[in-house]
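Undergrad: I would like to see how this sequence folds:
(chains A and B)
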Amino acid sequence: MPSKSRRVAFWLLTLTLLYGCLEFFSLFAFHLLDGGFSFAGLAGDRARSAGEIPGQPGATPLALYALHPFVGYTDQASPVVRRTPAEMAEFTSSPQVAVVGIFGGSVAQELSASAVLVQALQASPRFAGRQIRMLVGATGGYKQPQHVAALAYLLSLGARFDVVINLDGFNELSDLTSPHGMSPVFPASWFRMQHDFSDPRQALALGELAVTARRRQQWAALCARPPLGWSVTASLLWRVGDRYLANLAAEQQLALDALGKPTQPLPALPVDDAALQATLVSVAEVWRRGSEQMAALCAASGAQYVHCLQPTRYLNKRLTEEERRAAPNGPGRVVAAGYPELRQRGLAMRAAGLPFHDLTGMFSEEPRAIYRDECHCNQIGQDALARAVARAVLEP
Amino acid sequence: MRDFLEAYAAFLKARAPFLVTLLLLLLSALLGMIWLARGWGSAPAPYVLF
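TA: Presented below is the predicted three-dimensional model:
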């Protein structure tokens, strides 16, 4: 019979070996589930689910966004809802401070947090020695004319920009086939914000969705804490739980959609194949006019305007297995059909002197995985996008 | 060291049924989780754009 201290050592060794086996099998499980494993990738996914990256799906279902009187809706963290005229004093261009406005949807919102963009701008003589302050007018799901409204609103509050970057395109097209006959230029999923709280079934369904969203955030925050965040097995448990909660939220959203008839009459829009082309043209025209209005507002306020058409996985990218698995093929057909309409108008705007940049081909030669879903990029893609946008600013 | 390893091997041998059962249970739980997660991943979801 081994001594007591030896038995303790044996048990510790055995448990360590068991844990090692579990870690190894969890690694294998990640290969089955996600096609691979990386701590950095998981940390990003957890931050999104924990709501640490505003505007990301999972963090806040659109139904739970706050209505905003001028831009439709906004997430609670957005400057568009938080800023007051007094706060705008810090967003005034000066020899010491360069104010960069970022407009668009969630991809633009992610860009606003890019250190690569700030570094690339500060490397140029124009911004050297100046502090760069980002004023974010972008929120997940925004599309024209929300960018014009957000820019006009922030200018009205007193913001004075050096540069206004508009990175958009995807959201104009991806919400066209929504139910309830919603106008294509209404804010994304607008019908989901038309709840009738006097109907207890809708109030209950929305409450259930809110609870699930909060549980998902708490679960991600818990599993990100050390030492859980360092364990492959704990990460696997998080992934499984996160998928369960995402699935539950999806079911609750569908239940809410089924209950929620718009309380206000919304203009109906045919979205069958025959009408689709006409719809795409009218949406592309709204997008063009929105950009021209932003350029006019910038010219009037002395800011440089740059418009970039954002890339999407549906165009000009040979997808890797990881990218193909990453997202359902949601609005691909409509997006692929609509981008040429946007590009054509963008090039016409450029010919007319508006600084438009088509970034849809920037990943055409990229063999690595870039897209996390239909339009959001991983870190490699985000950094490349930031460098491309910085080039567009510096070499208009 | 050799003495330690021999003693450890005897320790493991004495508890082999328990340890193998525990390991199989844990692996089954892992496989079950993968199976569940794959099912959840393919569930229909409302399209919410961002």
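Undergrad: CA only for contacts and neighbour counts going forward, please
TA: Fine.
Undergrad: buried set for the helix or strand residue A:234 falls within?
TA: In this structure, residue A:234 is located in helix A:232-259 according to DSSP states H and E. Of all the residues in helix A:232-259, those buried under the rule 16 or more other CA atoms under 10 Å in any protein chain shown are A:232-257.
Undergrad: remind me, longest helix of chain B?
TA: helix B:16-41 (DSSP state H).
Undergrad: so how far is that one from its chain's centroid?
TA: Once both centres are worked out by CA atoms, centre = their mean, to the nearest Å, helix B:16-41 turns out to sit 5 Å from its chain's centre.
Undergrad: same question, stretch A:162-179
TA: 11 Å.
Undergrad: hey, C-alpha coordinates of it in CSV?
TA: C-alpha atoms of stretch A:162-179 as CSV (Å, rounded to 0.1, in the frame of the first residue of the first chain):
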residue,chain,number,x,y,z
ASP,A,162,-11.8,66.0,-40.6
VAL,A,163,-12.8,62.9,-42.4
VAL,A,164,-16.1,61.1,-42.9
ILE,A,165,-15.8,57.4,-43.9
ASN,A,166,-18.9,55.7,-45.3
LEU,A,167,-18.4,51.9,-45.5
ASP,A,168,-21.6,50.2,-46.6
GLY,A,169,-23.4,48.3,-49.3
PHE,A,170,-24.3,44.9,-47.9
ASN,A,171,-27.2,46.0,-45.7
GLU,A,172,-28.9,47.8,-48.5
LEU,A,173,-29.5,44.4,-50.1
SER,A,174,-29.6,41.8,-47.4
ASP,A,175,-33.0,42.7,-45.9
LEU,A,176,-35.1,42.9,-49.0
THR,A,177,-36.9,39.7,-48.6
SER,A,178,-38.1,40.3,-45.1
PRO,A,179,-41.7,39.4,-44.2
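Undergrad: does that stretch reach chain B?
TA: Yes - Stretch A:162-179 reaches chain B (CA under 8 Å from any CA of the partner chain) through A:171, A:174, A:175.
Undergrad: pipe the residues you listed into TSV and attach pLDDT, neighbour count and secondary structure per row.
TA: TSV is the format used below for the residues of stretch A:162-179 next to chain B (pLDDT from 0 to 100; neighbours: other CA atoms under 10 Å in any protein chain shown; DSSP: H, G, I helix; E, B strand; the rest coil):
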residue	pLDDT	neighbour count	secondary structure
A:171	91	24	helix
A:174	83	25	helix
A:175	74	27	coil
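Undergrad: tell me which residue is most central in the chain.
TA: Picking chain A for this. residue A:106 (2.6 Å; CA atoms, centre = their mean).
Undergrad: per-residue confidence at the closest residue to it other than its chain neighbours?
TA: The shortest distance from residue A:106 to any non-neighbouring residue, by CA to CA, 6 or more residues apart in numbering or on different chains, is to residue A:140 (4.0 Å). You'll see residue A:140 listed with a pLDDT of 84.
Undergrad: residue A:140: what secondary structure?
TA: Following DSSP: H, G, I helix; E, B strand; the rest coil, residue A:140 is assigned to coil.
Undergrad: and residue A:308, what is it in contact with?
TA: A:165, A:166, A:167, A:168, A:356, A:357, A:358, A:359, A:389, A:392 (CA atoms under 8 Å, 6 or more residues apart in numbering or on different chains).
Undergrad: quick check, residue A:135 in a helix?
TA: No - using three-state DSSP, the secondary structure at residue A:135 is strand, not a helix.
Undergrad: quick one, what contacts it?
TA: Counting by CA under 8 Å, 6+ apart, the residues that residue A:135 touches are A:79, A:91, A:99, A:100, A:101, A:102.
Undergrad: chain B: which of these is nearest?
TA: Taking CA to the nearest CA as the measure, chain B sits nearest to residue A:102 out of the contacts of residue A:135, at 15.5 Å.
Undergrad: ok so the closest one is a helix residue?
TA: No - under the criterion used here (three-state DSSP), residue A:102 is strand, not part of a helix.
Undergrad: thought it was touching residue A:162?
TA: No - using CA atoms under 8 Å, residue A:102 is not in contact with residue A:162, being 11.3 Å away.
Undergrad: the two: who's more crowded?
TA: Using other CA atoms under 10 Å in any protein chain shown, the more surrounded residue of residue A:102 and residue A:162 is residue A:102, with 25 against 22.
Undergrad: what sits against that one?
TA: A:108-109, A:111-112, A:134-138, A:164-167.
Undergrad: ditto for residue A:332
TA: Residue A:332 neighbours (CA under 8 Å, 6+ apart): A:174, A:314, A:374.
Undergrad: which residue, neighbours along the chain excluded, lies closest to the first one?
TA: Pointing back at residue A:174 there. Residue A:174 sits nearest to residue A:331 (CA to CA, 6+ apart), 5.4 Å away.
Undergrad: what separation is there between residue A:166 and chain B?
TA: 15 Å (CA to the nearest CA, to the nearest Å).
Undergrad: now the chain, which segments are flagged as low pLDDT?
TA: Using chain A here. A:1-2, A:51-64, A:76-83, A:177-182, A:192, A:195, A:260-274, A:327-330 (pLDDT under 70).
Undergrad: hmm, no, I was thinking of chain B.
TA: B:41-50.
Undergrad: thanks a lot, see you next time.
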